[in-house]
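S.K.: predicted model, plus sequence, below.
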Amino acid sequence: MKIFVTGGAGYIGSHTLVRLLSAGHEICVFDNFSNSSPEALARVKQLTNRDFALVEGDIRDASALTRALVEFGADAAVHFAGLKAVGESSEKPLLYYENNVSGSAHLLAAMDAAGCRRIVFSSSATVYGEAQCLPFDEDHPIAPTNPYGRTKAMVEGMIRDWSAATPDASAVLLRYFNPVGAHESGRIGEDPQGIPNNLMPYIAQVAIGRRERLSIFGDDYDTRDGTGERDYIHVVDLADAHLAALDYTGRAAGCEAINVGTGKGITVKELVAAYERACGHSIAYEITPRRPGDVAISFAATGKARELLGWEAALNVDAMCASSWLWQSTNAEGYGETA
Ligand code: NAD
Ligand code: UD1
């Protein structure tokens, strides 16, 4: 199948490319490298021994996007491209609406122009907002608490409306929980710019000595050990979920939102302990006040993914930490330094 992959050079995109190429699909990546490196794509080629097309472009540029998609003749699109920093989205909301919402509208219009009717979209568990009940199932109310989350919810609605108006269209909105880890080769992984916002890359940078200690944001939550509990999902399992979702778009018309998580919560302290096992030394941390906006517990209901996609997570927290450590310890500066 010919698959057009926006944002394919990014963290989740690069891991998904490995799976798509290994499954024999023909790929065109469309990325502006605003938060990624061409080196990631070079490594994907090495890992898979496969070549693919690349168009360096911005999804805000409707005509470049349409040209690329029509010329490639895509059967399906996997739409990763977008901005994802929650804090930044509050400081620069219009930048987020422009990239995530307008960019997605351009993609759907380009798909119409190319006669492409299948899409898998990177949504987020952040669309649920504060938990009314746990685990989060797909029917949980949508009430995001920040501009980033609102852009994801808006794009979900836009894709739903597009699929209803487009004969034979099929869309899957994958709501990722907390993607972590790296490819088992350690050749590709997460390479955050600046100070990491998220827990796992922060722990990895403490482990390698780039940062002195982790701040644990609060140990007085109502959880097993008082620290926040999240549903961490191995990025390789997440990549497989995209293959299953693409398959599904070939079998069923319409639009489905589907959680991608393990269904199991892990606390901050449990993740630190797992990382210590993986790297073989202790991780320094201090307890600091809660981060504003954080919830105590978030984890996924996983039944719909099993039922509709036949997919479930296979890799545990030790595999997540071991792969992250292999990537971090062999690429201390991420893609900035060629290992
Ligand atoms: P990433 O930043 O590593 O990848 C995004 C890619 O999109 C990058 O290669 C970037 O250069 C590209 N991009 C951004 N804006 C673009 C534009 N206007 N035009 C063309 N390319 C553009 O992020 P990721 O972690 O791989 O996330 C991929 C998707 O999954 C994003 O949409 C994100 O919101 C969503 N998501 C991520 C997480 C997470 O924790 N990583 C969780 C839930 C949802
Ligand atoms: C964050 C995003 C969310 C996104 C999700 C996906 C915020 C507010 N939310 O959620 O929109 O969908 O990532 O990956 O950014 N923690 C520490 N110290 C740190 C960093 C985090 O103790 O330095 C704790 C947090 O309080 C939380 C847990 O670790 O309990 C996970 O945090 P993080 O990795 O940022 O993910 P989320 O908060 O779930």
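M.R.: Thanks, I have it. Residues are numbered from 1 along each chain as shown. Ligands and ions are numbered 1, 2, ... in the order given.

S.K.: what about the residue nearest to Lys45 when sequence neighbours are not counted, which SS state?
M.R.: Distances taken as CB to CB, 6 or more residues apart in numbering place Asp51 nearest to Lys45, at 6.1 Å, with adjacent residues excluded. All C-beta spots, glycine's among them, are computed from the backbone N, C-alpha and C. Secondary structure, DSSP: H, G, I helix; E, B strand; the rest coil: Asp51 is coil.

S.K.: over to Ala322?
M.R.: Under three-state DSSP, Ala322 comes out as helix.

S.K.: what does the one 4 residues further on give?
M.R.: For Leu326, the secondary structure call by three-state DSSP comes out as helix.

S.K.: Arg187 is in contact with that one, correct?
M.R.: No - counting by CB atoms under 8 Å, Leu326 sits too far from Arg187 to count as a contact (9.2 Å).

S.K.: list of residues touching stretch 99-117?
M.R.: Stretch 99-117 is contacted from outside by 4, 6, 58-62, 65-66, 68-70, 72-77, 79, 81-83, 119, 121, 148, 151-152, 154-155, 158-159, 162, 166, 168-170, using CB atoms under 8 Å, 6 or more residues apart in numbering.

S.K.: I'd assumed Leu41 was in contact with the residue nearest to Lys45.
M.R.: No - if you go by CB under 8 Å, Asp51 and Leu41 don't touch, sitting 10.3 Å apart.

S.K.: mind checking which of those two has more residues around it?
M.R.: Between Asp51 and Leu41, Leu41 has the larger neighbour count (other CB atoms under 10 Å), namely 21 against 10.

S.K.: wait, that one sits on Ala9?
M.R.: Yes - with contacts counted by CB under 8 Å, Leu41 reaches Ala9, the gap being 5.3 Å.

S.K.: what's the overlap in contacts for those two?
M.R.: Counting by CB under 8 Å, 6+ apart, the residues touching both Leu41 and Ala9 are Val29.

S.K.: for the residue in the chain that ligand 2 sits nearest to, grab the count of nearby residues.
M.R.: In the chain, the residue that lies nearest ligand 2 is Gly228 (2.1 Å; CB to the nearest ligand atom). Burial of Gly228 is recorded as 24 neighbouring residues (other CB under 10 Å).

S.K.: for Ile188, list the residues it contacts.
M.R.: 14-15, 18, 40, 43-44, 47, 182, 327.

S.K.: can you list the residues of this protein near ligand 1?
M.R.: Within reach of ligand 1 by CB under 6 Å from any ligand atom, the chain has these residues: 7, 9-13, 31-36, 58-60, 80-84, 99, 103, 122, 124, 176, 179.

S.K.: which among the residues you listed end up buried?
M.R.: 7, 9-13, 31-32, 35-36, 58-59, 80-84, 99, 103, 122, 124, 176, 179 (16 or more other CB atoms under 10 Å).

S.K.: and the protein, which residues reach ligand 2?
M.R.: So far as CB under 6 Å from any ligand atom goes, the chain lies against ligand 2 at 86, 124-126, 178, 197-199, 202, 214-217, 228, 230, 268, 291, 293-294, 298.

S.K.: now, of these, which are buried?
M.R.: 86, 124-126, 178, 198-199, 202, 214, 216-217, 228, 230, 268, 298.

S.K.: mind listing the strands for the stretch 51-200 of the chain?
M.R.: Counting by DSSP state E, counting those that start in this stretch, the stretch 51-200 of the chain has strands at residues 53-56, 76-79, 118-124, 170-176, 178-180.

S.K.: want to throw those into TSV with mean pLDDT?
M.R.: Shown next, in TSV, are these (pLDDT from 0 to 100):
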stretch	mean pLDDT
strand 53-56	98
strand 76-79	98
strand 118-124	98
strand 170-176	98
strand 178-180	98
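
S.K.: how about the ones you listed, which one is nearest Pro135?
M.R.: Across the strands of the stretch 51-200 of the chain, Pro135 has its closest neighbour in strand 170-176 (12.0 Å, CB to CB).

S.K.: which elements pack onto the closest one?
M.R.: Counting contacts by 3 or more CB pairs under 8 Å, 6 or more residues apart in numbering; DSSP states H and E, strand 170-176 packs against strand 118-124, helix 147-165, helix 235-251, strand 254-260.

S.K.: for the one residue in the stretch 201-339 of the chain that gets nearest to ligand 1, give me its contacts.
M.R.: Relative to ligand 1, the nearest point of the stretch 201-339 of the chain is Val235 (8.3 Å; CB to the nearest ligand atom). With contact taken as CB under 8 Å, 6+ apart, Val235 is in contact with 11-12, 15, 179-183, 190.

S.K.: kind regards, and thank you for your time.
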